[in-house]
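*Asks:* Quick one, what's the 3D model for this:
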Amino acid sequence: DADLDWADAILSSVGIAVRVPEEQLDAVTGLSGSGPAYVFLVAEALMEAGAAVGLPEDVTEALVNQTLLGASRLLSETEHGPTDLRIAVTSPNGTTAAGLAVLDANEVRRAIVDAVVAATERSRELGRA
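*Replies:* You can find the predicted model right below:
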């Protein structure tokens with residue numbers, strides 16, 4: 001318990017610390033350890049999209065950074081979950097709905113879930129090696 005409290009104090013100094021049973025550590029690696037790369041991939045795609053629709057790179061970069069920052073702050077600083085927030089910013093038959101329909105058609109949600117599962121499985125494999 002003393003070791004866990006010490007680790008908790010260290011990790012909490014730079015973010016949140018979540019205690020999970022040891023058998024869930026690979027899942028934490030797959031989700032939170034690899035998760036930043038998935039977010040950065042989304043940022044890269046948004047940067048490409050900005051260029052594709054004719055925005056200058058500096059404008060695109062600022063908008064992408066602020067979009068991700070704002071969305072992240074809403075997730076962490078409000079009582080609303082991601083589903084409620086997504087619904088709140090999606091007008092029926094609006095621009096966001098059109099974009100979400102394309103993401104759904106391309107099974108982006110399924111791909112993200114599959115990525116976390118694959119990273120979790122790889123973590124388990126590495127732990128056995």
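*Asks:* What are the contacting residues of whichever helix or strand residue 48 is part of?
*Replies:* Mapping residue 48 onto the secondary structure by DSSP states H and E places it in helix 35-52. Applying Cβ atoms under 8 Å, 6 or more residues apart in numbering, the contact partners of helix 35-52 are 57, 59-61, 63-65, 67-68, 112, 115-116. For the C-beta atoms, the positions are set from N, CA and C on the backbone; glycine is no exception.
*Asks:* ok, now with 6 Å
*Replies:* Residues outside helix 35-52 that contact it (Cβ atoms under 6 Å, 6 or more residues apart in numbering): 60, 64.
*Asks:* do the same with stretch 85-104
*Replies:* residue 74.
*Asks:* Output it in CSV, but only the C-alpha positions, please.
*Replies:* Listed in CSV are the C-alpha atoms of stretch 85-104, where the atom choice follows Å, rounded to 0.1, in the frame of the first residue of the first chain:
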residue,chain,number,x,y,z
LEU,A,85,-21.2,16.9,-26.4
ARG,A,86,-21.2,15.4,-29.9
ILE,A,87,-25.0,15.7,-30.1
ALA,A,88,-24.8,19.2,-28.8
VAL,A,89,-22.5,20.4,-31.6
THR,A,90,-24.3,18.5,-34.4
SER,A,91,-27.2,20.3,-36.0
PRO,A,92,-29.6,18.0,-37.8
ASN,A,93,-28.8,18.0,-41.5
GLY,A,94,-26.0,20.5,-40.9
THR,A,95,-22.4,20.5,-41.8
THR,A,96,-21.2,18.5,-38.8
ALA,A,97,-23.9,15.9,-39.5
ALA,A,98,-22.6,15.6,-43.1
GLY,A,99,-19.1,15.1,-41.9
LEU,A,100,-20.1,12.6,-39.2
ALA,A,101,-22.0,10.6,-41.8
VAL,A,102,-18.8,10.2,-43.8
LEU,A,103,-16.9,9.1,-40.7
ASP,A,104,-19.6,6.6,-39.9
